[in-house]
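Here's my sequence, what's the structure:
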Amino acid sequence: MRSIPVEGLLMSKPGKRGKAAGKTRYVFSYEPLGAPESEPKPDAAAEREARDDEVAEFLTQVAEVAFEAGPKGLELRSVDVASRTCSFRHTGEPDPRPLVRAGDPSAPPPQETADEPSGVVLLGSPSWAHLAHLVAELPFLFSFRGYGPEGGPELCGVDAPTREWADVLVEHRGEHWRVRVELEGRERPIEFPGMEIGELFGEGGYEKYLVEGTTDLLDAGI
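Alright, predicted model coming up:
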């Protein structure tokens with residue numbers, strides 16, 4: 001039990017000259033034994049930051065598993081951010097192409113001096129490697145919520161039904177969108193997809209990249 005003296009009050013009344021007669025009154029409050037003290041609730045920004053950290057850790061783990069499983073013929077199929085789940089498919093036959101990253105001593109001469117950040121998956125690598133790298137880079141999208149006049153989107157997941165391409169699933173201003181990312185036949189490595197998607201929505205005008213015949217698929221060459 002905890003006692004808290006609030007205040008001692010001196011009540012004076014007339015007495016002899018130079019003296020005062022009075023009494024002291026104490027007021028107490030207490031909490032039952034074992035009752036927790038109330039703690040301030042975290043604000044919305046702190047809660048969002050904590051959630052972003054959790055999602056970033058989840059995506060990093062998914063990417064690591066995808067890099068390990070790809071050479072064995074298990075390729076990433078989907079990622080759902082809300083439920084923190086992912087799925088893989090068994091291809092039956094692993095892609096024979098080797099994974100090559102920028103800065104890797106085994107990189108072929110044309111790529112060896114390429115001006116790419118170390119660790120970027122280079123062209124010619126199997127599609128599962130490009131997909132794994134894409135997932136690992138997506139947490140950067142969180143930094144673009146306040147970007148531009150429109151603000152960046154919220155990440156919902158990734159859908160990769162084929163080796164050819166994957167769709168990054170996002171929500172922006174109450175609407176859901178799919179952002180197409182080619183995995184095969186690319187002309188440049190996947191470097192900063194989170195930044196590119198954040199800028200795409202934040203700057204506005206992204207509707208011009210709507211794929212004909214669809215209502216939610218954007219192909220901006222990411």
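
Now do the helices in this protein.
44-69, 109-112, 127-137, 193-202 (DSSP state H).

Lowest average pLDDT across the ones you listed?
Among the helices of the chain, helix 109-112 has the lowest mean pLDDT, at a mean of 46.

hang on, the earlier thing: could the helices of the chain go into a markdown table alongside mean neighbour count and distance to residue 148?
Bear in mind the C-beta positions are built from the backbone N, C-alpha and C, glycine included. Shown next, in a markdown table, are those (neighbours: other CB atoms under 10 Å; distance: least, CB to CB, whole Å):
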| stretch | mean neighbour count | distance to residue 148 |
| --- | --- | --- |
| helix 44-69 | 15 | 19 |
| helix 109-112 | 12 | 33 |
| helix 127-137 | 24 | 20 |
| helix 193-202 | 21 | 3 |
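
Take these and write them to CSV, including distance to residue 160.
Output for the helices of the chain, formatted as CSV (distance: least, CB to CB, whole Å):
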stretch, distance to residue 160
helix 44-69, 10
helix 109-112, 24
helix 127-137, 6
helix 193-202, 13
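
Can you say which of the ones you listed is nearest to residue 187?
helix 127-137 (12.5 Å; CB to CB).

Next, the angle helix 44-69 makes with the closest one.
160 degrees (axes from the mean of the first three to the mean of the last three CA atoms, to 10 degrees).

ok, residues contacting helix 127-137?
With contact meaning CB atoms under 8 Å, 6 or more residues apart in numbering, helix 127-137 is reached by 59-60, 62-63, 66-67, 70, 75-76, 79, 95, 99, 120-121, 158, 160, 163-164, 166, 168, 181, 183-184, 186, 189-194.

With residue 151 as the reference, name the closest of the helices of the chain.
helix 193-202 (5.8 Å).

Can you list the helices and strands that the closest one packs against?
helix 127-137, strand 165-172, strand 175-182 (3 or more CB pairs under 8 Å, 6 or more residues apart in numbering; DSSP states H and E).

List of residues touching that helix?
134, 137-144, 147-153, 168, 170, 172, 177, 179, 181, 206, 209, 218, 220, 222.

Just give the closest residue to residue 179, not the sequence neighbours.
With sequence-adjacent residues excluded and distances taken as CB to CB, 6 or more residues apart in numbering, residue 179 is closest to residue 168, at 4.4 Å.

how near is the one you found to residue 218?
In this view, residue 168 and residue 218 are 9 Å apart by CB to CB, to the nearest Å.

Check residue 57 too.
In terms of CB to CB, residue 57 sits 28 Å off from residue 218.

returning to what we had before: comparing residue 168 and residue 218, which shows the higher neighbour count?
residue 168 (27 against 22; other CB atoms under 10 Å).

does that one really touch residue 181, like I thought?
Yes. Using CB atoms under 8 Å, residue 168 is in contact with residue 181, at 6.2 Å.

Give me the common contacts of the two.
Shared contacts of residue 168 and residue 181 (CB under 8 Å, 6+ apart): 134, 193, 222.

quick one: low-confidence ranges for the protein?
1-42, 105-118 (pLDDT under 70).

again, only this time at 80
Where the chain drops to pLDDT under 80, the residues are 1-42, 103-118.

re the thing from before, where do the contact lists of residue 168 and residue 218 overlap?
Taking CB under 8 Å, 6+ apart as the criterion, residue 168 and residue 218 both touch 178-179.

right, so of the helices and strands packed on helix 193-202, which gets closest to residue 83?
strand 165-172 (12.8 Å).
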